[in-house]
Structure formats: C-alpha cells, structure tokens
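Novice: using only what follows, build the 3D model:
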Amino acid sequence: MRCLRGFAAGSGPRSEWEASPYDAATTNPLGQAMDRRLSMLVFGLLCLGVTGCTSSGSFSLFPTGHYLTRPTREVLDASPPVARLPRELEKSVLPGMYLQPGDAVLVEVVDFTSEIRLPADQQVLPDGSLDLAEYGRLVVAGLTPEEAEAQIEERLRAGGAAEGEQVNVRILEPQLVYYVLGEVASPGSFPLAGSETVLDAIVAAGGMTAEASPCDVLLARPTHPNSCRVTLPLCYRQITQLGDTSTNYQLQPGDRIYVGTKGLWEGLAFWRMNSTCSRCRCQGQVACPDPSIADYANPITQLPMTLLGRSAEEEAGDEAESIPAAEPTLAEPQVKRFGPRDRDPAERISAIQGTPGLPPVVTGLIEK
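Specialist: Numbering: from 1, shown residues only. Sure thing, here's the model as predicted:
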C-alpha cells in the first residue's frame, strides 16, 4: 500500500507517493517469506485443532487409518498383560486335526497288493465329501483322520471288499490360516504350519509400516458370539529388541494379529519414541549374568492332556515335572508342562547343578 504524503498536519500538499512501513515489509522478499511462513503456521494450527491431520502430515477432514476402537481398548485394558498360553520356547501342539473342505488329503489302501483302487490325492469337496470311486462319496468333514479311516473301511466292506482291508488317510495340506492386518506391508491370510509365533507372522507380512504404532499391536483369538473376547496386547519392542518371549505367543488357527495406526499426538511426541508402552511396563528387563542361560532346548514343552491319553490324576503321580493345571478357560487351556523352561534362570541353574550324572565340565561352566 502506498500513502499520499500530502494534506498531513503541518505540511502542504505534495504530489509524491511514499511507501508505508507495511508496504516495505510486503515488498521485501524476506518479508514475503516470513509472511508465508506465518500463514502456513496458522493454517497448520487450524488443521490440528479443527480438521484432524494424520500422522503422515496429510490434511483431511476425515483421517483414515487402522485405529483401535474404544471397545477394543477397553478389552485390552481388562486383559492380562501376559497370558499363560503357549509361546516361543514353550510351544504346544493342537489337540487334534479335523478334516474340512479344501484340505488336500491322500487316501490309500495299506496293502499295496490289494485290488482296491481309490483316488489318491484329492481335496475335500465343499460339501465335505471324498471321492471313493466305485464305492461312492463319503462325507468326512469334521472327522479326524482316524475316524475317516474307520468310515472308509466300513464303506469298503459294505461294497464287497475283504474284511481285513485297511485304509490310510493323510492330510497333506490342511486349510489352517492366520491373519495379519493393519499397518503391515502385506496384510492378508497366511498358511499355518503349527509352530509360528507372533514375530513369525509379522515378518511374513513384510513387517510394520512407518505409520504403525508399536503400542497398538494385539492378538485377537476367535471366540463364539455373545462370549467373552480373547484380545491380548503384544509387546513388539520387547520381542524384537530384548528377545522377551512373554507375549510372543504361538499362533492357533484363525488368530488375528492387528497392528494399529500411529495416532496424531503419538506421531508428534517424538520424545516418547524410545519409551516403553504402558501395557508392557510390568515386564521387568534384567541382563543375564551368564549368556549361556539362553540355551536351545526342546521347544515343545506343553502337550494337551488329550494327546497323552491320561487323566490329570494320573499325571499328578508322574515323576516328570508338571505344573498343576487350573480350570480350563479361554485364556488358559489345560496342558501338561515339562522341562526347565518354566523356572527362572537361578532355579534352572540350581536344578541343572543337581542333575545326577552331569559331567564335571558342564558343572564347571555353569558355576562360572
């Protein structure tokens, strides 16, 4: 803006134009840059307070992302920080395998000299049946392989086969999957072999993205409608940086691992990037005085009672070490534990030192 110098008090009219201080600031390149920065700052503050920016810096009236819902946070807060479930170094096995549509199976007669010919490699059809050639179709969905074998043998005998014919049913590719969703590079479903843990699942999904919140990682286990929910917090930093297996749970069929998006304030609070998540603070971390404590041992330390073929009362009198099983719940399955992994390092060393027949060399290494 330019102001006319004439008609000022104490001065006569002039025909010249004079630049005002405001005009000097706006015409100066430095002043223009400062004005633009001030405008951007005001716009940014308005965005933070009104429009809701995302942590990536984009502006949107409706921020998108994989955010945890309020009921999810309430369930997480009510869940135990560390659940007594199979995990890394303390894995278990499924109590049984059941045939379901899509399973690739191998059906063969045990006696290779038999004249019975059955389709060998095949999939369980969507209706749950298997093709038995001239013996028709048989519904096997929901049966164990042993139960399916008995049903097929009965069908063969009903079709005129010899009394002693036996059939072997093997599951080649079971339809067991788990899911990794949210802020990961490649979300989706993945085949479950049986030994995968939370860390294996996240790595299989390509790892977390830059927008992932390490404090909003959870494991959701499928439950029935109108039931309680098994939703457990996962301490990703402790698993990866400290080798803490407390929340590196072994996966079961249908498990969902969800990685939430980093919130706006979480992204701005850069001074808290190296802080421990509130749900993981109860896990004290202490350096081991002897690294040899982290030795490799049998990873299968829990077996379901149904696989052992023995009752809990019979197990109580077993000489092998076991932990008394509590009442089975959704979060605490009834299992038998064995091995020294359930002890703390000091108790493990004490137990190893008292093991009969331990070589003197090993004892000396432990004492060191």
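Novice: check which helices and strands the lengthiest strand in the chain sits against.
Specialist: Longest strand of the chain, by residue count under DSSP state E: strand 212-221. Where contact means 3 or more C-beta pairs under 8 Å, 6 or more residues apart in numbering; DSSP states H and E, strand 212-221 is packed against strand 230-233, helix 236-241, strand 256-261. (C-beta placed from N, C-alpha, C; glycine too.)
Novice: okay, these in TSV with distance to residue 150 and mean neighbour count next?
Specialist: What follows is the helices and strands packed on strand 212-221, written out as TSV (distance: least, C-beta to C-beta, whole Å; neighbours: other C-beta atoms under 10 Å):
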stretch	distance to residue 150	mean neighbour count
strand 230-233	34	21
helix 236-241	43	18
strand 256-261	35	22
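Novice: okay, these in JSON lines with mean pLDDT next?
Specialist: Below are the helices and strands packed on strand 212-221 laid out as JSON lines (pLDDT from 0 to 100):
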{"stretch": "strand 230-233", "mean pLDDT": "96"}
{"stretch": "helix 236-241", "mean pLDDT": "94"}
{"stretch": "strand 256-261", "mean pLDDT": "96"}
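Novice: just so I know, which of the ones you listed lies nearest residue 125?
Specialist: strand 256-261 (27.6 Å; C-beta to C-beta).
Novice: that closest one: partners in the sheet, and parallel or antiparallel?
Specialist: strand 177-182 (parallel), strand 212-221 (antiparallel) (DSSP bridges).
Novice: next helix or strand past the shortest one?
Specialist: Heading C-terminal from strand 177-182, the first helix or strand you meet, by DSSP states H and E, is strand 188-191.
Novice: neighbouring strands - and their directions - for that following strand?
Specialist: strand 177-182 (antiparallel).
Novice: show me the helices in the stretch 51-200 of the chain, by range?
Specialist: Secondary structure of the stretch 51-200 of the chain (DSSP state H, counting those that start in this stretch): helices at 70-78, 145-158, 198-204.
Novice: and the angle from the longest strand of the chain to helix 70-78?
Specialist: If you take axes from the mean of the first three to the mean of the last three C-alpha atoms, to 10 degrees, strand 212-221 sits at 80 degrees to helix 70-78.
Novice: give me the contact list for strand 212-221.
Specialist: By C-beta atoms under 8 Å, 6 or more residues apart in numbering, the residues outside strand 212-221 that reach it are 68, 72, 76, 182-184, 198, 208, 229-234, 236-237, 247, 249, 252, 254-263, 266, 277-280, 330.
Novice: and the closest residue to residue 204 other than its chain neighbours, how far is that from residue 180?
Specialist: Of all residues not flanking residue 204 in the chain, residue 190 sits nearest, at 5.3 Å (C-beta to C-beta, 6 or more residues apart in numbering). Here the criterion is C-beta to C-beta, to the nearest Å. By it, residue 190 lies 7 Å from residue 180.
Novice: so which of these two has more stuff around it?
Specialist: residue 180 (24 against 18; other C-beta atoms under 10 Å).
Novice: which residues touch the more buried one?
Specialist: Residue 180 sits next to 187-188, 190, 201-202, 204-205, 256-257, 259 when contact means C-beta under 8 Å, 6+ apart.
Novice: same question for residue 100.
Specialist: So residue 100 contacts 124, 128, 141-142, 174-175 (C-beta under 8 Å, 6+ apart).
Novice: can I have the buried ones of the residues you listed as a PyMOL selection?
Specialist: Buried residues among the contacts of residue 100 (16 or more other C-beta atoms under 10 Å), as a PyMOL selection:
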select buried, resi 124+128+141+174+175
